[in-house]
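Participant: with the input below, show me the fold.
(2 chains)
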Amino acid sequence: MAIAPEPLVVEGLVKSYGSVRAVRGIDLSVRAGEVFGFVGPNGAGKSTTIRCILDLLRPSAGSIRVLGRDPRHDGAEIRERVAYVPGELRLPERLTPRQFLASIGRLRSGFDRGRVEELAERFKLDLDRRIRSLSSGNRRKVSVLSAFLTDADLLILDEPTGGLDPLMQHEFLRLVRERRAAGATVFLSSHILSEVQSVADRMAVLRAGKIVAQGTVAQIRGRARQRVEIWFETDAPSYLATLAGIGEPEIDGRRFSAVLIGSARPLIDGLAGQPITSILINEPDLEEAFLGLYEDDPAGDGDSTEADR
Amino acid sequence: MTSRAWELLTVPLRAARRAGLVWGISLGILIVLTVAFWPPFRDQPELADIVEGMPEPLIEAFGLADFNSPEGFLRGNLYAVLVPLLLAVAGVLLMSGQTASEEDSGRMELYLAQPVTRGSVFVGRAVGVGVWLVVIGLIMLGAQLGSNALFDLEIGTDRIAATIALCVLLGAFHAGLAAFVAGATGRPGLVLAIGLAVAVAGYVAIALFPISEVLEPWRHASPWDWALGGDPLGSATEWWRYVALGAPALVLTAVGTWAFSQRDVSAA
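Facilitator: Numbers count the residues shown, from 1 in each chain, chains lettered A, B, ... in the order given. Take a look at the predicted model:
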């Protein structure tokens, strides 16, 4: 299986709707065989970028190469080797998942029936109930199956875990790792940092139509912010506020709270020997995690876009 | 035909099955119920006399001439206004439902993400609607011929077949118009507005324009005039009438397909 060195390259992508610029100049390149996280809050332009990659939207400027080809001209040939889970889930209501998957299979090189059963089993999806009567989580499974039943070299997944319960999200991430191990490249968009962090090799952070950070997950993670709360048996020691990586410190009797930026090591070292009753480090939401990144970026001035309509 | 092309046709055929059958069966029932009134009508000539007493333009507008003959009865009750109008509406609704509505709701996106061209997805849907219009026509033909036999309405099968074919082609013309607007804009509201406006305007042109000397020549601009201007129930139909309706249906669909391939697909 010959895979071009970079299955997905986006250069200077701009997409405007009238006067609204949903995507304002994106450059990224995804390497063969990696899981690439595409992270940003809702409305940042993730879906718009993805729909340009699939040739559902026509870019206002910039270029896209998918598997070495231009989606504008070779869309059908490219999609032979690309599978897609859309962010907005709309399926034919009157079909059952089995009928729908068979239909998609006939538009591709066909789905193996045993594999359909096996994946349905893994995701606990009833293949014979009409899609109309399925919950949003079960609909999501149908769409995930339609992508993972293919032998695509590039999987483009737009917020694929929305509506899935934690157990199923876990199963989904296992499936992503399996496909990577089998040589596929995965482009995974999400607004949940922990999800991307647990499975991606590299990632880009998108904000208001621009990429504000791109690199390995560890690099990006090092720039993220977390909220820390610590309770002590006695009054909280004030020197904690001066430790490296601590921002917005607040001491309220026995409680210390702050924002932790980058490595947790200075804080953990500084806490050694202290009479601590409990520590809480919250998974930050994306807005908070990358507040710093957004503030560095002149484009992140809070103007909202309609990108993820 | 490749299995992919076949699937692209099967998807809309299946999706429009309920709507197509409802249209076909409803029109069939309308035909049977109407023809059921033929025997009492035929046996009461005074009813026809009432029509004869109406002003000429009114008779013209509603196709009520020769109301007590079999062809006059069918024309006045079914094929002057009601059936062609319903088929035009069916053409617009079915096409809009399979193209613009599917796109607008986001249901088309998963198909467009497969290894098929946009154009082939769109053509598959247009052809699917065309097939359903033909099926509706066949159901109507069966209902008309069956009820003619049942209620002793004597009229040539060729005249019935030609009339229904022209009405189906009028439906196809409006479906083609709907495909054109859907392909160009992807907006279901606009497809319905333009499609239904053209259907009604076309009827007004043949029904009311003849009353005015100034407007009279313009009746020939109406697709309704191309379809029914030759009185297909009363006399043999010229071949060009089929072409005049079928060719624009195909051209409008082709242009709509091309336009659909050029633009952004709507997001859900």
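Participant: just the pLDDT at residue B:144, thanks.
Facilitator: We have a pLDDT of 97 for residue B:144.
Participant: wait, what's in contact with residue A:200?
Facilitator: By CB atoms under 8 Å, 6 or more residues apart in numbering or on different chains, the contact set of residue A:200 is A:34, A:35, A:36, A:37, A:188, A:217. Where C-beta positions appear, they are placed from N, C-alpha and C, glycine not excepted.
Participant: so the fifth one belongs to a helix, correct?
Facilitator: No - counting by DSSP: H, G, I helix; E, B strand; the rest coil, residue A:188 is not part of a helix but strand.
Participant: what about residue B:132, how many neighbours?
Facilitator: Per other CB atoms under 10 Å in any protein chain shown, the neighbour tally for residue B:132 reads 26.
Participant: report the secondary structure state of it.
Facilitator: Per three-state DSSP, residue B:132 ends up helix.
Participant: can you tell me how far the nearest residue to it once chain neighbours are set aside is from residue B:252?
Facilitator: Excluding the flanking residues, the one nearest residue B:132 by CB to CB, 6 or more residues apart in numbering or on different chains is residue B:20, at 3.7 Å. According to CB to CB, to the nearest Å, residue B:20 stands 20 Å off from residue B:252.
Participant: what's the burial count for the nearest residue to residue A:188 once chain neighbours are set aside?
Facilitator: With sequence-adjacent residues excluded and distances taken as CB to CB, 6+ apart, residue A:188 is closest to residue A:157, at 5.0 Å. By other CB under 10 Å, the residues close to residue A:157 number 25.
Participant: repeat for residue A:180
Facilitator: By other CB under 10 Å, 18 other residues sit near residue A:180.
Participant: what residues are up against it?
Facilitator: Contacts of residue A:180 (CB under 8 Å, 6+ apart): A:33, A:34, A:35, A:186.
Participant: phi, psi of the residue nearest the centre of chain B?
Facilitator: Nearest residue to the geometric centre of chain B (CA atoms, centre = their mean): residue B:171, 2.1 Å. Main-chain torsions, residue B:171, degrees, to the nearest 10: phi -60, psi -40.
Participant: that one: what's it in contact with?
Facilitator: Residue B:171 sits next to B:84, B:87, B:88, B:90, B:91, B:133, B:136 when contact means CB under 8 Å, 6+ apart.
Participant: show me the residues you listed that map onto helices.
Facilitator: Under the assignment DSSP state H, the contacts of residue B:171 contribute B:84, B:87, B:88, B:90, B:91, B:133, B:136 to helices.
Participant: nearest residue to the residue lying farthest from the centre of chain A other than its sequence neighbours?
Facilitator: Here the centre of chain A is the reference, and by CA atoms, centre = their mean the most remote residue is residue A:234, at 41.8 Å. Spatial nearest neighbour of residue A:234, chain neighbours left out: residue A:275 (6.0 Å); criterion: CB to CB, 6+ apart.
Participant: in this structure that neighbour contacts residue A:235, no?
Facilitator: No - using CB atoms under 8 Å, residue A:275 is not in contact with residue A:235; the gap is 10.3 Å.
Participant: for residue A:207, grab the count of nearby residues.
Facilitator: Using other CB under 10 Å: residue A:207 sits among 23 other residues.
Participant: which residues does it form a beta bridge with?
Facilitator: residue A:210 (DSSP bridges).
Participant: is it in contact with residue A:42, as I believe?
Facilitator: No - counting by CB under 8 Å, residue A:207 stays clear of residue A:42, with 11.4 Å between them.
Participant: check contacts around residue 140.
Facilitator: Reading this off chain A. Shown in contact with residue A:140 (CB under 8 Å, 6+ apart): A:89, A:160, A:161, A:162, A:163, A:164.
Participant: let me rephrase: I mean chain B.
Facilitator: B:24, B:27, B:28, B:31, B:83, B:164, B:167.
Participant: what's the neighbour count on the fifth one?
Facilitator: Just to be clear, that refers to residue B:83. Count around residue B:83 with other CB under 10 Å applied: 24.
Participant: from the contacts of residue A:200, which is closest to chain B?
Facilitator: Distance to chain B across those (CB to the nearest CB) is lowest for residue A:188, with 16.0 Å.
Participant: in contact with that closest one, which residues?
Facilitator: Contacts of residue A:188 by CB under 8 Å, 6+ apart are A:35, A:36, A:37, A:38, A:157, A:160, A:176, A:196, A:199, A:200.
Participant: out of those residues, name the ones that lie in strands.
Facilitator: Members of these lying in strands (criterion: DSSP state E): A:35, A:36, A:37, A:38, A:157.
Participant: for residue A:65, which three-state class applies?
Facilitator: Relying on three-state DSSP, one would call residue A:65 strand.
Participant: what about residue B:152, neighbour count?
Facilitator: Here the number of neighbours of residue B:152 (other CB under 10 Å) works out to 11.
Participant: before we move on, back to that, chain B: which of the contacts of residue A:188 is nearest?
Facilitator: residue A:157 (11.7 Å).
Participant: what's across from that closest one in the sheet?
Facilitator: With DSSP bridges applied, residue A:157 shows beta-bridge pairing to residue A:85, residue A:188.
Participant: from residue A:15, how far off is it?
Facilitator: Residue A:157 is 20 Å from residue A:15, where distance means CB to CB.
Participant: wait, which of the contacts of residue B:140 is closest to chain A?
Facilitator: residue B:24 (18.7 Å).
Participant: in the helix or strand where that closest one lies, what's buried?
Facilitator: Element membership of residue B:24, judged by DSSP states H and E, is helix B:17-36. Neighbour-count burial for helix B:17-36 flags B:19, B:20, B:23, B:24, B:27, B:28, B:30, B:31, B:32, B:34, B:35 (criterion: 16 or more other CB atoms under 10 Å in any protein chain shown).
Participant: how about the helices in the stretch 51-200 of chain B?
Facilitator: Using DSSP state H, counting those that start in this stretch, the helices found in the stretch 51-200 of chain B span residues B:56-61, B:70-74, B:82-98, B:100-105, B:109-112, B:118-150, B:157-185, B:188-208.
Participant: okay, buried residues for the shortest one please.
Facilitator: By neighbour count with 16+ other CB under 10 Å, helix B:109-112 contains the buried residues B:109, B:110, B:111, B:112.
Participant: please apply the same query to the first one.
Facilitator: Neighbour-count burial for helix B:56-61, counted by 16+ other CB under 10 Å, picks out B:59, B:60, B:61.
Participant: could you dump those to a markdown table with pLDDT and distance to residue A:132?
Facilitator: Compiled in a markdown table, the buried residues of helix B:56-61 are given as follows (pLDDT from 0 to 100; distance: CB to CB, whole Å):
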| residue | pLDDT | distance to residue A:132 |
| --- | --- | --- |
| B:59 | 77 | 50 |
| B:60 | 74 | 49 |
| B:61 | 72 | 45 |
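Participant: any chance of those residues in CSV, plus distance to residue B:123?
Facilitator: Output for the buried residues of helix B:56-61, formatted as CSV (distance: CB to CB, whole Å):
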residue, distance to residue B:123
B:59, 43
B:60, 40
B:61, 38
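Participant: out of those residues, who's nearest chain A?
Facilitator: Checking the buried residues of helix B:56-61 against chain A with CB to the nearest CB, the nearest one is residue B:61 at 42.1 Å.
Participant: surely that closest one is in contact with residue B:205?
Facilitator: No - counting by CB under 8 Å, residue B:61 stays clear of residue B:205, with 11.2 Å between them.
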